[in-house]
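J.: Just the structure for this:
(one chain, ligands or ions: 1)
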Amino acid sequence: MAVQPLSQKEIEDRLAELPGWSLDGDKLARSYRLGSHVAAAALVMHIAAVQDELDHHSDLTLGYRTVSLTVHTHSAGGAVTEADFALARRVEDIAPGHGAH
Ligand SMILES: C[C@H](O)[C@H](O)[C@H]1CNC2=NC(N)=NC(=O)C2=N1
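T.: The predicted structure is shown next:
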């Protein structure tokens, strides 16, 4: 997985394909709402498994019925890279199955 920082334009182009995701400072970010606290916790566990599979990890926060992620690439000095978008796309793929929106 490439770890070169993406340019602002590259980030904007990729964000345009990922509704709900935005740039929060220097990190990609998204929050999801779920139907219950346990449903939110199950999504956290599923994301954790994906993150280990990809060997790329967000800061992942469980709320009452919310799950929030921010992600950037430590090994690229905290920049946003393709690895962050790869994780964001995988999370988008699994979140609807948990009733997240
Ligand atoms: C050794 C291992 O590949 C690295 O520590 C990985 C793990 N997960 C990671 N996650 C993120 N977000 N950035 C990294 O640079 C990173 N590096």
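J.: farthest residue from the center of the chain?
T.: The centre of the chain is farthest from one residue, residue 36, which by CA atoms, centre = their mean lies 20.1 Å away.
J.: And for the helix or strand hosting residue 94, what's in contact with it?
T.: Here residue 94, judged by DSSP states H and E, is contained in helix 82-94. With contact meaning CB atoms under 8 Å, 6 or more residues apart in numbering, helix 82-94 is reached by 1-4, 6, 14, 18, 20-21, 27-28, 30, 43, 46-47, 50-51, 54, 56, 58, 69, 71-73. Heads up, the C-betas are built off the backbone N, CA and C, glycines and all.
J.: go on, stretch 11-23?
T.: For stretch 11-23, contacts defined as CB under 8 Å, 6+ apart pick out 6, 28-30, 80, 85, 88-89, 92.
J.: that older thread, what about the residue farthest from the centre of the chain, distance to residue 98?
T.: Counting by CB to CB, to the nearest Å, the gap between residue 36 and residue 98 amounts to 10 Å.
J.: Now do the residue nearest the centre of the chain, the pLDDT please.
T.: The residue lying closest to the centre of the chain (CA atoms, centre = their mean) is residue 88, at 3.9 Å. pLDDT for residue 88: 98.
J.: Same question for residue 95.
T.: Residue 95 carries a pLDDT value of 98.
J.: Kindly report the same for residue 27.
T.: 98.
J.: That one pairs with what?
T.: residue 24 (DSSP bridges).
J.: residues from the protein in reach of the ligand?
T.: By the rule CB under 6 Å from any ligand atom, the part of the chain lying against the ligand is 55-57, 71, 73-75.
J.: chain center to the strand or helix carrying residue 11: distance?
T.: Following DSSP H and E, one finds residue 11 within helix 8-15. On the basis of CA atoms, centre = their mean, to the nearest Å, helix 8-15 sits 15 Å off its chain's mean C-alpha point.
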